[in-house]
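S.K.: Provide a 3D model corresponding to the input given below.
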Amino acid sequence: MLNIRSVLVSMLAAFIFISAPGPGHAKTRDRVKRDFRHADTNKDNQLSRKEWMRRGNFDMLDQNGDGFLSLKEVRAIYKGHDDKDYDWPPTNTVLKSPRIGNIDPGALTDKVSRDTLDKETLCGIGRSSHCSIEPQRKRGLIETGTGPRFPEGTKCSGMDDYWAMNYSSKRNRDSYHGGIDLPVPWGKPMLAVASGSVVALYKAHLSKRGNEVVIRHSPEQTGLPIWTYSAYGHLDKLPNFEIGQRINKGDIIGPTGNSGISAKGKKGSAQSTTRRPAIHLAMFYSKNRTYAEANNTIIPVDGRWLDPFAFYRQKEPFMSDAVKALPDAEKDVDIPIMFDDGTTIPADTKIIWPYTCTKTN
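M.R.: Numbers count the residues shown, from 1 in each chain. This next block holds a predicted model:
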């Protein structure tokens, strides 16, 4: 009898484990509910287009077509994202990782001492704990109100946390989001947004951005009259890249994860267990090709924060205050994209979204 009872108890425990949502799923749902309530400024339990803040894919998410998003509709963004079982390297795409050993010597010789940086730029982009919020704002970390508009007939990963979003409620201090977050399933390949050269590789325990790769892009590589930097955070694992590694547009950087210390953690502390898998895409720019490194961050000499959608507009202005002042009609930015087969829209684009898109018709 005791043996039968033990078997029944074991079976019941197994059933409860299988039937219950996993820890990651439950915490992700709680996060969505919390963020939904924060975005719902008029507290009517739905998000208008204005409250959605151009995060992308509003019409696709609005399943009942009522012009608002419910909590259930917003949760659809994260469907299937909790499965950590993925194949690497990916087998369902023609896209490849860059060739190891193809080094750009300029990416090495253009690095200068942090002493080259003026205090405002050092604090504004490096954001060390002793710096105030003001240099960050002066260097361009201000909300601009821009957002993505994807080609008709395509499905692309949109944002949940947008550019320069006010994070003060999450950090218990003045803080703004230095990038955009695109939630996707575990292991989805992050792609280089343009050709360039690797200038930094950071390990997960060093920052909230987790495993991160930083790429520098020349004006010739993007078609823009500035030197730009793209940083890819929260990788599940770092690629086997070298500093100076040449990268082509659309090359695979690595698999998406949720690496990085928790919002209130310190360097070397435990990694976050509640963050959903996503890319944290940050960008900087300068007219100067030289750059330095401080506080585990690449900082261009005379550098500024670059709203990623100012990058995707592919034309001036680039300074955040000027982007913020643009007419409202210019803040929905058409995004160049790539498909799994390597084709792009437009066909001749030099820059792309950091994830592949799919066709819906």
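
S.K.: nearest spatial neighbour of the residue nearest the centre of the chain, chain-adjacent residues omitted?
M.R.: Central residue of the chain (CA atoms, centre = their mean): residue 280, 2.3 Å from the mean position. Nearest non-adjacent residue to residue 280, counting by CB to CB, 6 or more residues apart in numbering: residue 233, 3.5 Å away. All C-beta spots, glycine's among them, are computed from the backbone N, C-alpha and C.

S.K.: need the helices for the protein, in chain order.
M.R.: With DSSP state H as the criterion, the chain has helices at 2-19, 23-39, 49-52, 58-61, 71-75, 105-109, 119-126, 134-138, 168-171, 219-222, 308-313, 320-324.

S.K.: which stretch in the ones you listed is the model least sure about?
M.R.: Lowest mean pLDDT within those: helix 2-19, at a mean of 37.

S.K.: where do the strands of the stretch 151-300 of the chain begin and end?
M.R.: 154-155, 180-183, 189-191, 196-202, 211-217, 227-235, 246-247, 252-255, 278-286, 291-294, 297-300 (DSSP state E, counting those that start in this stretch).

S.K.: for residue 75, which of those strands is the nearest?
M.R.: Counting by CB to CB, residue 75 lies closest to strand 180-183 out of these; the figure is 11.0 Å.

S.K.: what sits up against that closest one?
M.R.: Strand 180-183 is contacted from outside by 77-78, 81, 157-163, 276-281, 308, 354-355, using CB atoms under 8 Å, 6 or more residues apart in numbering.

S.K.: check stretch 216-228 too.
M.R.: So stretch 216-228 is in contact with 107, 110, 194-197, 199, 229-230, 249, 283-289, 291, 298, 300, 306, 311, 314, 316, 318, 350-351, going by CB under 8 Å, 6+ apart.

S.K.: what residues sit buried inside it?
M.R.: Across stretch 216-228, burial judged by 16 or more other CB atoms under 10 Å covers 216, 217, 218, 221, 222, 224, 226, 227, 228.

S.K.: go on, stretch 195-214?
M.R.: Neighbour-count burial for stretch 195-214 [16+ other CB under 10 Å]: 195-202, 204-214.

S.K.: nearest spatial neighbour of residue 340, skipping sequence neighbours?
M.R.: Once chain neighbours are set aside, the closest to residue 340 by CB to CB, 6+ apart is residue 93, at 4.4 Å.

S.K.: and that neighbour, what is it in contact with?
M.R.: So residue 93 contacts 189, 340, 341, 356 (CB under 8 Å, 6+ apart).

S.K.: wait, the first one sits on residue 87?
M.R.: It stands for residue 189. No - between residue 189 and residue 87 there is no contact under CB atoms under 8 Å: 10.9 Å.

S.K.: tell me which of those two has more neighbours.
M.R.: residue 189 (24 against 9; other CB atoms under 10 Å).

S.K.: and the nearest residue in space to that one that is not next to it in sequence, how far from residue 73?
M.R.: Spatially, and ignoring its direct neighbours in sequence, residue 189 is nearest to residue 252 (4.6 Å; CB to CB, 6+ apart). Distance of residue 252 to residue 73, computed by CB to CB, to the nearest Å: 31 Å.

S.K.: wait, isn't residue 193 in contact with residue 355?
M.R.: No - counting by CB under 8 Å, residue 193 sits too far from residue 355 to count as a contact (10.1 Å).
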